[in-house]
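**Q** here is the input, now give the coordinates:
(4 chains)
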Amino acid sequence: MNGLDQVFVRLCHWFAGLFPASVQPLIACIVAITAIMVVFASCFALTTIVERKVLGRMQNRFGPNRVGPWGLLQPLADGLKMLTKEDIVPYSADKTVHFLAPLALTVPIWLAFAVLPFGRNMTAVNFNSGVLFFFAVGSASELAVFMAGWSSQNKYSLIGAMRAIAQMISYEVPLVLSTVPVLMLAGSLSLNDIVAAQGTYTIGGLARWNVFTPWGLAGLLLFLIAATAESNRSPFDLPEGESEIIAGFLTEYSGFKYALFFLGEYLGLFAITGLAVTLFLGGWHAPFQWLEWVPSWLWFAAKFGALIFLFIWVRATLPRLRLDQLLNFSWRFMVPLCLINLLVAVAWYWSGAWKSVVAMPVRWLLCAALIALPYHWLGRALRSASQSPRKYIYAE
Amino acid sequence: MHGVGIIKGMIETARNFAGSYTDPERLITVQYPEEKLPPVENARTIPFLVYDGVDAMAGLRCTACMICEKECPPQCIYIVKDQVKKPDFVGKLQVQPKVFDIDISVCMSCGICVEVCPFDAIKMDQVFELSTNDRFGGLLVDKTQLAKPNEYFVKLHKTEASEIDARREEEKQKAEAAAAAKAAAPKPTPAPAPAKPPAQAPAAATPPTPQTPAQPTAAPAPAK
Amino acid sequence: MLNEIAFLLCASIILAGAVGAMMLRNLVHCALCAAGAFAGLAAIYLQLNAEFAGFAQLLVYVGAVAILIVFTILLTRSTELQPGAVHHSSSWWMGLLVGGLVLACLVGSIMSSPSLVRLPSQPASAPVKGIGEQLMSQYIMPLETIGLLLTSALLGAVVIAVREPEKSDPPAR
Amino acid sequence: MMATPSSTDLAEPPSGNPLLEVSLGPQHPSTHGVFRMDVSLDGETVVRLKPVFGYLHRNHEKIAEKCTYLGSIPYTDRLDYICSLTNNWAYAMTVEKLAGLVPPERAEYLRVILSELTRLINHSALAGFLLQDMGALGTPLMYAFREREKILDLFESLTGARMMCNYMRFGGCRCDLPPGWIEQARSVVAKFPSFLEEFEALLTGNEILLARTEGVGVLPAKLAVNAGVTGPMLRASGVNYDIRKVDQYGIYGRFKFRVPLGERGDVFDRYMIRILEMHESLKILDQALREIPAGPIMDPKAKLRNLRPKPGEAYGRIEGPKGELGFYVISDGGPNPYRYRVRPPSLINLTILEDMCLGQTVADVVVILGSIDIVLGEVDR
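**A** I've put the predicted structure just below:
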């Protein structure tokens, strides 16, 4: 059991051991970087094909199935196409900024993977304030999107960039706020500590993941909504809403630069999904004690895959919001709910001292009500006056 | 409760996701080059010229009456009459087309040529893989390319073709009977031996189309 | 040795960013250079083992302040100065004076700082927990004061932003 | 290009910001063909919108004046290429008026059945396209197309073509039903409600759809009437005007169906009216498929070629899926019409686009445009 669980860690140690002791930390670092880049780059390739297939199936189509067996080589074909396409830079574009924007998006996103614990002992860098690091490098993408939109000197790009910045700033607040209860109750900013805090089991053998508490469940939902907005995915894909502003800030990009943007967006999605798994879904821990024999990285991968599927599923179902509705939703719904969720987490924490048979259900009910009622009120306030049930009359 | 509509929608897409694996009603895509839908009898793409017998040019039913050229809405048919006449299925001498071209890049597959043809000579084909690299020459088809045997027509439009064939057969028998009656008076000799190729077996029927009572008023060549 | 190289690298990034922010013609370029300088500063913090300060610098300055600057530039919409025109502010001596004063203050405080005395290197990484506790006990008053100040600034901004449509509403009709 | 603060011909917008002039189209993902809107934006709010069309003009009316009466029928297919059969009907009806032909009973039933099937196609495709414009990534569109495919199969087995049907003739229909068609049509009609249910579960209650459509692009009843708007768009504004009821053309007087009317005239009403109309169409289909008699399908007086109506004029109109579709034909006794004119519902409904869009955002413009339901083939002709 332990062998399979630690197979990658041991492989890394063995490989580093081939080198003199003075460079071993450096080698270990390089191995970790290579592993992350290989795994997530192929994950990107896989996700593009899986996304298109799942979308297709949800729309009663096959999805791509022509290149290779079951269309599995489609990402390769797409990549080749992207690489061989002409790289067009508009005449009036700001060439330097136009060139730097895809780099500024993609490079910091890679850094974010450094702090994610992918399995037992499988964190590249264990920062004391890992969560903060994650958000810090993630915030660079806003600037990159702005650079792309502004430098293209195209009206659609500019509108897209403005939308993107407004959206990302607005949703960064609930994104960070929804993680605060987790940090607070774990008492640490380190992702490893947060995973460890969720690593124990109740008497029934069920894991103590954060998502199994009322505040954790609400927090996960809030986090996922904010994450969708942060990674510009449907229904929050306004910055590149193709039916309105062509492709938003990507309008003037082609070829490899476009591919880099594409890569950056997916990597951003992966990173934030990994963070959601770590913060709320117990990281690499098994949901039940008797399932602990399954390698930890497999658990991480399974949860990760499930969340990615959820994102695809949402994308297949929902229409897009409008910008003012999007911002209203963030400031008038998400942010207050996140703050209330903080209070709920505190209530949950303090009531934890109450030991009784009925304690658990009562606590659950109370905390769930504390979060559900504001949800209802805020939701009602969000609907405009024109949104009331209407009835249609029929003329004979 | 807010969010119920969204959840309902997501259940619907999930149902379709699962359904696309189990329910053929939900996944109706046809994997085109490998599998093709069975042809529909009424389907029409571009016109073709019907001929009887084995020799395509000799057996063409077309009498170059120019009606289709005149009626064609996008004017994609071009006909030149031949000075040499040839006998038709009842043995009557008829004008034949020297040139019969259809520009299928212009043709809009309406089938009006078929409706107005009094000789059942032009019918709608069902081929649809017509793309070519040569957009001018490749899409201008002449009478040799347009000519298809009657058996082909029977294969495509079974109901219509059998009706027409029956009518033509009746017509032919009538004509033969008339010829026999005429010939019986002086001497019983089969007349049309050298002019006509003998393998004109399945041909038969009257010129006017079944449902349309259109009379070939403008037809330069008399049908009977 | 490695440390020195890293420091020089970061310092040159900061310097280049700062000079760019000052000298470039295009305001958006200036803002982007400033963001680069902020990032360099964060790198220096990290090099000093001040993880929290470094990440906070990155999050707040690159993630928020730079964006804010860029947004302001875009909303005021004069991204490019007239080419060729030399811009001499009439109060250039005032700028010089302020710059000199700031420099003097910085030099004075650095020179009088006890940290100039080289001590044997100490691994003084401030844990996040420690920072939090200090903020909540020793520095509670300054923290609260800053909070109050920022809140009032925010409210003021909201008041300014809200007033505009009211003013322009009557003529629109 | 960056926005320039020039735009001298415009009044300063309320916020004092310079306007951003954007040309949406003619090559834009959601202009439903080649349609252009010159939009002036204050931020994202539309302060001026100028529709520009004509990119798909192909001289339909002039061609028809040079063509025989018969030769124009396939061209009418290509007006509104989603509903070729209703176009056929409107034109055939006009010429029948001109030439004094009366289609037999069976042909009238066939026309009703085919035009109601066309209405189903059009409305479901419209709802799909509307949601596509709203950013729903094609899922509703694909569901709509899945059902449309079944109806197109019916069309193909009857008329020989899926979209360019070219089926109706002056005094009747081109050919009779193939065996088994009625049963096939019945089964399609029987299954359609389950599709509508699925569609409504996916969309009608969806909070995002409600937020995007309610109160957006409101068209007051008075403005709608003054602008000559017809069809579901007019009824969504609450005006009871359905030519099937007003004229009772064909044999529509025999069927029992109701006309749903909207309350507020916003995009949601326009979406919902179409869904409700599909339910009513199913009722008509149900009755027609049950009652269709046997008999001839052509007026014996009708002749296919060389139609030369007596000199005179006629205007025939039907309730097309998009609104009042009318043909105006003047005959001078010759083989082709002296004057031929189409009243395209898409074009006339499109004319009030600016009135509905002012004060809304760019994102709303595409949704409002989608809710008008235009086909550029008909707008530009």
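**Q** chain A against chain C: which residues are in contact?
**A** For chain A, the residues in contact with chain C under the definition CB under 8 Å from any CB of the partner chain are A:94, A:97, A:127-129, A:132-133, A:135-140, A:142-143, A:146-147, A:150, A:162, A:165, A:169, A:172, A:189. For the C-beta atoms, the positions are set from N, CA and C on the backbone; glycine is no exception.
**Q** all helices of chain C, in order?
**A** Read by DSSP state H, chain C holds these helices, from start to end of the chain: C:2-23, C:27-47, C:51-57, C:66-76, C:92-112, C:128-136, C:140-172.
**Q** output the below-cut-off pLDDT ranges for the chain.
**A** Reading this off chain A. Counting by pLDDT under 70, chain A shows low-confidence ranges at A:1-2, A:384-388.
**Q** my bad, the chain I had in mind was chain C
**A** Low-confidence segments of chain C, defined by pLDDT under 70: C:76-89, C:115-126, C:163-173.
**Q** quick check, central residue of it?
**A** To find the centre residue of chain C, average its C-alpha atoms and take the closest one (CA atoms, centre = their mean): that gives C:Tyr61, at 6.4 Å.
**Q** looking at it, it is touching C:Ala42, isn't it?
**A** Yes - taking contacts as CB atoms under 8 Å, C:Tyr61 lies within contact range of C:Ala42: 7.4 Å.
**Q** what is the helix or strand hosting A:Arg52 packed up against?
**A** Assignment of secondary structure by DSSP states H and E places A:Arg52 within helix A:24-58. Applying 3 or more CB pairs under 8 Å, 6 or more residues apart in numbering or on different chains; DSSP states H and E, one finds that helix A:24-58 contacts helix A:7-17, helix A:74-84, helix A:255-280, helix A:296-317, helix B:4-22.
**Q** and those as a markdown table, adding mean neighbour count?
**A** Conversion of the helices and strands packed on helix A:24-58 to a markdown table gives the following (neighbours: other CB atoms under 10 Å in any protein chain shown):
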| stretch | mean neighbour count |
| --- | --- |
| helix A:7-17 | 14 |
| helix A:74-84 | 15 |
| helix A:255-280 | 23 |
| helix A:296-317 | 20 |
| helix B:4-22 | 17 |
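**Q** save those helices as TSV, and put in distance to D:Leu98 too.
**A** As requested, the helices and strands packed on helix A:24-58 are arranged in TSV below (distance: least, CB to CB, whole Å):
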stretch	distance to D:Leu98
helix A:7-17	83
helix A:74-84	56
helix A:255-280	58
helix A:296-317	51
helix B:4-22	49
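**Q** pick out the residue of chain C closest to chain B.
**A** For chain C, the residue closest to chain B is C:Val158, as judged by CB to the nearest CB, at 27.3 Å.
**Q** where do the helices of the stretch 151-300 of chain A begin and end?
**A** Residue ranges of the helices in the stretch 151-300 of chain A, as given by DSSP state H, counting those that start in this stretch, are A:155-186, A:191-197, A:214-230, A:242-245, A:255-280, A:296-317.
**Q** what strand or helix carries the closest residue to B:Gly5 other than its chain neighbours?
**A** The shortest distance from B:Gly5 to any residue that is not its chain neighbour, by CB to CB, 6 or more residues apart in numbering or on different chains, is 3.3 Å, and that residue is D:Gly205. Element membership for D:Gly205 (DSSP H and E) is empty, with no helix or strand holding it.
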